[in-house]
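>>> Generate coordinates for the sequence data below:
(chains A, B, C and D)
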2 protein chains.
Amino acid sequence: MNKMQTLSKNQQIIFDLIDKSPEPLKAYTILFNVQKKGIKAPLQVYRALDKLVEMGKIHKIESRNAFIACHNSSCQVAKATAFSICEICEKITEISSAGLSKYLTSFKDKDGMKYSKYNLEFFGLCKKCR
Amino acid sequence: MNKMQTLSKNQQIIFDLIDKSPEPLKAYTILFNVQKKGIKAPLQVYRALDKLVEMGKIHKIESRNAFIACHNSSCQVAKATAFSICEICEKITEISSAGLSKYLTSFKDKDGMKYSKYNLEFFGLCKKCR
DNA sequence: TACATAATGTTATATTATAACAATAACTTT
DNA sequence: AAAGTTATTGTTATAATATAACATTATGTA
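Okay, the predicted model is just below:
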């Protein structure tokens, strides 16, 4: 009854590439880099990306249309993501803060709406660029 | 020495449209709706959108590529935005919570990085869709 | 007036993402 | 193993989102 834990061929190829990249990758950058492995069409990339996001193996940086591997406690927080983005060098880091995720996970707005998921992107200057 | 407070012709047209829309608008929806006013090209729309975002008159909902007018204390929080998004009906609301913005504005990650800007998107089900 | 800056108009093109359909592989129940 | 089901793949075409480059006009300022 379990969801499949293993990755399919295309998913594995694309995950490996993202996972070993020091920076978030864009879909067409990924496509270019996996063409030698037989993945030829955008849709093949986007399908794998969709599944990987669903599984929590990777996250999408919405403001950059780029994908980064999850390094946050084995991806158990796929539904509660926070990133820091340096506006100069574009260094992007996933934030793991128990306090932050606790605060946001339990946040209720004034309509009493409670949320099942959030994505937070912080912008500023990293150490090096300051 | 003041930045121009008044909107240019195209900016005004596009702001008016977004401001009176009950839901976020996409760039090409905007384009379609302002063609009768003489705005014919995507670039004219994107340029106005860029400026309006810069001024804090509108915000971009990154996960939806859509634009919404700011209704948050005369747009003084253009750099600290939070939205709630219903995943069924796509109703999108800007969240005004002093507590939330205080918490996030003063948030420091473990590198001591402090942020000048953030964008937060919450996902869940609104009252009606629950 | 002259200078500088912001906004506009226009064409072309780049970038990001999905639709539609056919085929194959993997899992499940018998 | 056979039959049914679901996930994945392959492929072509196209939709949706966004920017480059360049010429012109309007606006604000010295």
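
>>> Determine how far the helix or strand containing residue A:122 lies from the middle of the whole chain.
Using DSSP states H and E, residue A:122 falls within strand A:115-124. Remark: strand A:115-124 is offset 12 Å from the chain centroid, using Cα atoms, centre = their mean, to the nearest Å.

>>> any residue of it up close to DNA strand C?
No - Strand A:115-124 lies out of reach of DNA strand C by Cβ under 7 Å from any atom of the strand, never closer than 13.6 Å. For the C-beta atoms, the positions are set from N, CA and C on the backbone; glycine is no exception.

>>> mind checking pLDDT for residue A:108?
Per-residue pLDDT puts residue A:108 at 89.

>>> gap between the closest residue to it other than its chain neighbours and residue B:31?
Of all residues not flanking residue A:108 in the chain, residue A:114 sits nearest, at 5.4 Å (Cβ to Cβ, 6 or more residues apart in numbering or on different chains). Distance, residue A:114 to residue B:31, using Cβ to Cβ, to the nearest Å: 36 Å.

>>> Compare those two and say which is more crowded by neighbours.
It is residue B:31, of residue A:114 and residue B:31, that has more neighbours when counted by other Cβ atoms under 10 Å in any protein chain shown, with 19 against 14.

>>> for the closest residue to residue A:56 other than its chain neighbours, what are its contacts?
Using Cβ to Cβ, 6+ apart and skipping the chain neighbours, the partner closest in space to residue A:56 is residue A:78 (2.8 Å). Neighbouring residues of residue A:78 by Cβ atoms under 8 Å, 6 or more residues apart in numbering or on different chains: A:53, A:55, A:56, A:59, A:70.

>>> Going through the residues you listed, which ones are buried?
A:55, A:56, A:59, A:70 (16 or more other Cβ atoms under 10 Å in any protein chain shown).

>>> ok, so of these, who is nearest DNA strand D?
DNA strand D has its nearest neighbour among the buried ones among the contacts of residue A:78 in residue A:55, at 8.7 Å by Cβ to the nearest atom of the strand.

>>> before we move on, back to that, so the residue nearest to residue A:56, which of the three states?
Recorded secondary structure, residue A:78: coil (DSSP: H, G, I helix; E, B strand; the rest coil).

>>> For it, give its distance to residue B:99.
Taking Cβ to Cβ, one finds residue A:78 at 26 Å from residue B:99.

>>> which outside residues touch the longest helix seen in chain A?
Taking DSSP state H as the assignment, the helix of chain A that covers the most residues is helix A:42-55. The contact list for helix A:42-55, computed with Cβ under 8 Å, 6+ apart, reads A:3, A:7-8, A:10-11, A:13-15, A:18, A:27-28, A:30-31, A:34, A:39, A:58-60, A:67, A:75, A:78.

>>> secondary structure class for residue A:85?
Applying three-state DSSP: residue A:85 is strand.

>>> on that earlier part again, from the contacts of residue A:78, which is closest to DNA strand C?
Taking Cβ to the nearest atom of the strand as the measure, DNA strand C sits nearest to residue A:53 out of these, at 10.4 Å.

>>> okay, now residue A:89: neighbour count?
There are 12 residues near residue A:89, going by other Cβ under 10 Å.

>>> who's in contact with it?
Residues near residue A:89 by Cβ under 8 Å, 6+ apart: A:126, A:128, A:129.

>>> Would you mind listing which of those are buried?
Among those, those buried by neighbour count (16+ other Cβ under 10 Å) are residue A:126.

>>> got JSON lines for the contacts of residue A:89, with distance to residue B:84 too?
Shown next, in JSON lines, are the contacts of residue A:89 (distance: Cβ to Cβ, whole Å):
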{"residue": "A:126", "distance to residue B:84": "29"}
{"residue": "A:128", "distance to residue B:84": "35"}
{"residue": "A:129", "distance to residue B:84": "32"}
